[in-house]
Structures are given as C-alpha cells and as structure tokens.
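Peer 1: this is a predicted model, with the sequence first.
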Amino acid sequence: MVMIPHQKKESLIEKRVAIVTGASRGIGRAIAMRLAADGRFVVGFARNADQLASLAAEITAAGGSCEVAACDVGDGTALAAAIESVAERHGRLDILINNAGITRDGLILRMSDDDFDEVLRVNLRSAFVACRTAARPMMRGRFGRIVSMGSVAGIMGNPGQANYAAAKAGLIGMSKSIAKELGGKGITANVIAPGFIDTDMTSVLPAALKEAVLPMIPVKRFGSVDDIAAAVSYVASDSAGYLTGQVIAVDGGLSM
Ligand code: NDP
C-alpha cells in the first residue's frame, strides 16, 4: 500500500474524511471529485496507482484535499489495514463509499465457481470488511455516512449476471442491517443503485444490447458519472441524517 498525501496533516482534522473505493476511474473518480468539491478530505483507493495519482493531482488543482492509496479491496486484510491507517492518521473517519466493483458475466449454466466467488469477493465481501472496519471510528465520532454502490441488476436481476446481481442484492440486505444496528450512533447506511452509466464497465457491452435498453429508460439517455456523484453527495452529507436503510435508484426511471 502506497499512501500519497496531498495536503499537510494539520489542515485535515476539521474536514470530514471520506474514503472512496474504486476511485481511479468511472463513477468512483467522479464521486471523489465531487466530495472534494463539497469540502471533504477524500481518500481514494484502487489498484491503479497512476490513475490514482492523476486523480489526486486533479483534486489538488481544483483546490480540494486528498490522499490516495493503491489497495486491492478484494484483499480483506490489506483493505482493513488501509482503512485503519486513515482513521488513525487523521483521527476520524466520517464517510465510506463502497464503490469498487467488477463484472464476470456469463449465463448461469456456464458460470464458474471462480467467477461467482471473485465477483462476491470484490463487490460484496470488500464492502463488508470496509463497513466493519469503518464502524469503530465512525462510532467514536458519533457520525457516519456509508454509501454502497448497488445496481439496478441487484433489484431487477439481469440475464448473464447471477453473480453480480447476487452481490448487489447482498449490499442491500447488508446496508439495511447496518442501518438498524448503527442508526442510534449517528451512522447511516444506504445503497445507490445506478442504471446504465457511461463508463469503462458499460463500454464493453454489445451495441445491440445498448440499443435495446435505451427505449426502456424513461429519460431516454444513459446516465453520466456526475448523475451518480450528485446523489452520493447528498446521501453522504450532514443534511441526510434521517435517510437510512434506503435503496435509491439513479437510473433514469429504468427500474420503476
Ligand atoms: P469501472 O470499471 O469504470 O471502474 C471500476 C472501479 O473499481 C475502478 O476504479 C477500479 O480500479 C475499481 N476496482 C475494481 N476492482 C478493484 C479491486 N479489486 N480493488 C480496488 N479497486 C478495484 O466501473 P464503474 O465506474 O462503471 O462502476 C463503479 C461501481 O458502480 C461498481 O460497483 C459498479 O458495479 C457500479 N455500477 C456501475 C454501473 C454502470 O452502468 N457503469 C451500473 C450499476 C452499478 P482499479 O482497476 O484501478 O483497481
């Protein structure tokens, strides 16, 4: 794990500290940029150190403060250590965005155990480890905002995504349980469920599939990463203390 600080420590203490997993690109990067613009001290995790360094430079250039750490969230020991290190060094942890995710699509008859386990490990187990580790410093601060990135697939199911939909549905049950356990400590837990968002993840989908999906989206467009970041900004804000255990679909109306 390589930590790259981008602002002096003494100035960090007053800001809310927000960890964003999968911050190197796509939705997570937009969330990191948005939370930094909201005045949070952002800590970005992902595996690609070069993309993280460019994120840190972009946030700093925009006047925000952040640090980034190369971390494989599928490695629970490394992830827990990285989160503990953030909470220890800054004396607080306020916001956790469980965003890192992968797909290993395939029809159920052909889906391997490895493809199932890997998607559950990166998309669900990592969020469990992160929530468990973050809960302690959040309880100490009597404040916490946990936002996990679900998917419409976790609500509606999707052919070829039994593993992915299971992981995303799992995030919903886990978040509701955490909301019930920790609500009295000032900690909320919610799921944002994006529809089709233009990122690397969806760029690999066949054009025919995209053409078939578009008419089913009431707002008649794919979403942008900023559509998701705007929703996360609110759910992670101090103002959202009465919002917990919810699944907020940001999908242009696809899942209604
Ligand atoms: P991308 O594929 O564009 O980005 C995925 C991010 O997750 C990257 O930053 C990647 O960083 C990180 N990541 C993946 N595996 C790991 C790992 N083992 N450890 C640390 N970081 C990891 O995906 P999106 O931005 O599109 O998706 C973000 C989230 O939103 C995911 O949870 C996805 O399931 C969800 N989502 C996306 C939708 C869409 O239409 N795009 C729709 C619904 C949900 P790196 O490779 O550097 O490790």
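Peer 2: On my side now, so go ahead.

Peer 1: and the stretch 101-250 of the chain, which of its residues are near the ligand?
Peer 2: 101-102, 122, 149, 151, 194, 196-197, 199-202 (CB under 6 Å from any ligand atom). For every residue, glycine as well, the C-beta is placed using N, CA and C.

Peer 1: just the strands from the stretch 101-250 of the chain, written as ranges.
Peer 2: 144-149, 187-194, 247-250 (DSSP state E, counting those that start in this stretch).

Peer 1: averaged over its residues, what pLDDT does the strand or helix carrying residue 55 have?
Peer 2: Residue 55 belongs to helix 49-61 when elements are defined using DSSP states H and E. Per-residue pLDDT values over helix 49-61 give a mean of 98.

Peer 1: what do you get for stretch 200-208?
Peer 2: Stretch 200-208 comes out at a mean pLDDT of 92.

Peer 1: what residues sit buried inside that stretch?
Peer 2: Using 16 or more other CB atoms under 10 Å as the test for burial, stretch 200-208 gives 201-202.

Peer 1: what sits up against that stretch?
Peer 2: Stretch 200-208 is contacted from outside by 25-26, 101, 103, 196, 210, 222, using CB atoms under 8 Å, 6 or more residues apart in numbering.

Peer 1: can you give me the end-to-end distance of it?
Peer 2: 17 Å (CA to CA, to the nearest Å).

Peer 1: nearest residue to whatever residue of the stretch 51-200 of the chain ends up closest to the ligand other than its sequence neighbours?
Peer 2: Residue nearest to the ligand within the stretch 51-200 of the chain (CB to the nearest ligand atom): residue 101, separated by 2.3 Å. Spatial nearest neighbour of residue 101, excluding adjacent residues (CB to CB, 6 or more residues apart in numbering): residue 123 at 4.7 Å.

Peer 1: what residues are up against that neighbour?
Peer 2: 100-102, 164, 167-168, 171.

Peer 1: that older thread, quick one: which two of the residues of the stretch 101-250 of the chain next to the ligand are the most distant?
Peer 2: Farthest-apart pair in those is 122 and 196; separation 20.4 Å (CB to CB).

Peer 1: which stretches of the stretch 151-256 of the chain form helices?
Peer 2: All helices of the stretch 151-256 of the chain, identified by DSSP state H, counting those that start in this stretch, fall at 153-156, 162-182, 200-203, 207-213, 225-235.

Peer 1: distance to residue 89 added to those, as CSV?
Peer 2: Output for the helices of the stretch 151-256 of the chain, formatted as CSV (distance: least, CB to CB, whole Å):
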stretch, distance to residue 89
helix 153-156, 34
helix 162-182, 23
helix 200-203, 31
helix 207-213, 43
helix 225-235, 24
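
Peer 1: thinking residue 195 is in contact with residue 231, fair?
Peer 2: No: counting by CB atoms under 8 Å, residue 195 stays clear of residue 231, with 11.7 Å between them.

Peer 1: ok, the two, which is more surrounded?
Peer 2: Neighbour count, other CB atoms under 10 Å: between residue 195 and residue 231, residue 195 has more, with 24 against 20.
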